[in-house]
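Asks: only geometry, no sequence info:
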């Protein structure tokens, strides 16, 4: 899709799934059923944004907390700050390294390369605290599989973004980021182009996939019961993109 003829208007169409999503479910089937109930049809050029938690659930990325045996360090951290040592232990197991640890907050770098709280391990919106959900093993692969299944069933070319909620340095509150991408380029590079005043841009690279994830977050909130949405009308660049492209290489990261 290009910007030719674009009006600047996009639509965000929620997909409310009926009932709990469980391991082994067909995520594409559940989302297509949600679209049918909402009287929506996927169109070429649509962007499907899906919260990672439902992706993790269907892929079985769940851990029974009763089966987790925390290390001495995790138990000490839990006693000191009143946090669940089992969740801390899972966060450590899912991490490459601990980036920061202070006042109940454990910031880690996951094996994917994401820097986030507790390696993305979460117990909300699962089953009342009996299980923790992990990040998908390969979010890009998950996005690609979902995109391929929808194309096979409907014959339409769409992009897929798998999103998660991250905190941010220097800013309060959570916002959405793209951790998996398929069918689109996640970055738009404006370097070398000129602004309306003739100034040549030198540093502007937009994280388009993150911006789309944030837009979807307006209708896919934690308490909304809406784990996915269709974004329609945005002129993204098609291609074999990856969520990994959004991770800044360590040699360019001033904060590592």
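Replies: Happy to help now that I have it. Quantities reported herein were computed from a predicted structural model and do not represent experimental measurements. Residues are numbered from 1 along each chain as shown.

Asks: Three-state assignment for the closest residue to residue 120 other than its chain neighbours, please.
Replies: Nearest residue to residue 120, sequence neighbours excluded (C-beta to C-beta, 6 or more residues apart in numbering): residue 135, at 4.2 Å. For every residue, glycine as well, the C-beta is placed using N, CA and C. Each residue gets one of three states, and residue 135 gets coil by DSSP: H, G, I helix; E, B strand; the rest coil.

Asks: okay, residue 135: pLDDT?
Replies: We note a pLDDT of 97 for residue 135 in this prediction.

Asks: list the contacts of it.
Replies: Residues counted as contacts of residue 135 (C-beta atoms under 8 Å, 6 or more residues apart in numbering) are 52, 56, 61, 94, 110, 112, 114, 119, 120, 164, 179.

Asks: pull the distance from the lowest-mean-pLDDT helix or strand in the chain to the chain's centre.
Replies: Least confident element among the helices and strands of the chain, by mean pLDDT, DSSP states H and E: strand 187-189 (a mean of 85). Averaging C-alpha positions (C-alpha atoms, centre = their mean, to the nearest Å) puts strand 187-189 18 Å from its chain's average.

Asks: show me the helices in the stretch 151-256 of the chain, by range?
Replies: 208-217 (DSSP state H, counting those that start in this stretch).

Asks: quick one on the thing from earlier: and for the least confident helix or strand of the chain, what's in contact with it?
Replies: By C-beta under 8 Å, 6+ apart, strand 187-189 touches 204, 205, 206, 207, 208, 209, 237, 241, 245, 246.

Asks: now the contacts of residue 135 as CSV including distance to residue 86?
Replies: Converted to CSV, those look like this (distance: C-beta to C-beta, whole Å):
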residue, distance to residue 86
52, 20
56, 17
61, 16
94, 13
110, 18
112, 22
114, 21
119, 13
120, 15
164, 21
179, 23
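
Asks: in these, which residue is surrounded by the most others?
Replies: residue 179 (31 neighbours; other C-beta atoms under 10 Å).
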